[in-house]
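Q: Got a predicted structure plus its sequence, pasted below:
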Amino acid sequence: MIAIDVTAELTDRAAESDRITLEQRSYRGAEDIGGAEIVVAATDSSEVNAIVAKDAHDLHRLVNIVTDAEQGNFVSMAVHRSGPLAIGVTATNVPSAAARIRDAIGARFDDRYAIALTAIGTLREKSIGENRERWTQVNAATIGADFCERVENGDFAEASR
């Protein structure tokens, strides 16, 4: 990580981690990207971010420009996880909005879904082990249009037993 201004928390984390190398200075150019496969430009300077974007593109690297998603070639998501369920949300240049939306989604898709999906995963493995056609039948019977409603009102947990 290269940054001119660094918080005490980040400095402490870098000191405690063997995965974070922190250099407190300005971006110097493509040589700073080095062997990195993913580059994130999150400066408060659109000019510096544009230079980082160009350098990363020239080096054929994935680059996320926090202040202007269209300059990059990938965006990161706010992710909600509950057991085997993972839901990603992006809101282009407004990550705080993505986090709020993720939290709202997470309130609905809670541990009930983790339990249901774990049960379905086990059932899928068992059914496919018997024969693939069996899974097709089980899948059609368990994952209907009312799946979410059944998970949320507890009917799915009862049926999976």
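A: Good, I have the coordinates.

Q: Show me the shaky parts of the protein.
A: By pLDDT under 70, the low-scoring segments of the chain are 157-161.

Q: how does it divide into domains?
A: 2-71, 78-108, 111-160 (automatic domain parsing).

Q: I'd like the distance between the spatially most distant residue from the centre of the chain and residue 137.
A: In the chain, counting by CA atoms, centre = their mean, residue 130 sits farthest out from the average C-alpha position, at 34.3 Å. Going from residue 130 to residue 137 by CB to CB, to the nearest Å gives 10 Å. In short, each C-beta sits where N, CA and C put it, glycine included.

Q: What of residue 54?
A: When residue 54 is compared with residue 137 (using CB to CB), they lie 54 Å apart.

Q: What of residue 114?
A: Noted for residue 114: a distance of 24 Å to residue 137, by CB to CB.

Q: Check residue 12 too.
A: Distance from residue 12 to residue 137, by CB to CB: 56 Å.

Q: of residue 114 and residue 137, who's got more company?
A: Legend: neighbour count by other CB atoms under 10 Å for residue 114 and residue 137, higher for residue 114 (15 against 11).

Q: Double-check that one against residue 82; I have them as touching.
A: Yes - if you go by CB atoms under 8 Å, residue 114 and residue 82 touch, sitting 4.3 Å apart.

Q: What are the boundaries of the strands in the chain?
A: Taking DSSP state E, the strands of the chain run over residues 2-3, 23-24, 38-41, 62-65, 78-82, 85-89.

Q: Can you tell me which of those strands is nearest to residue 120?
A: strand 85-89 (10.8 Å; CB to CB).
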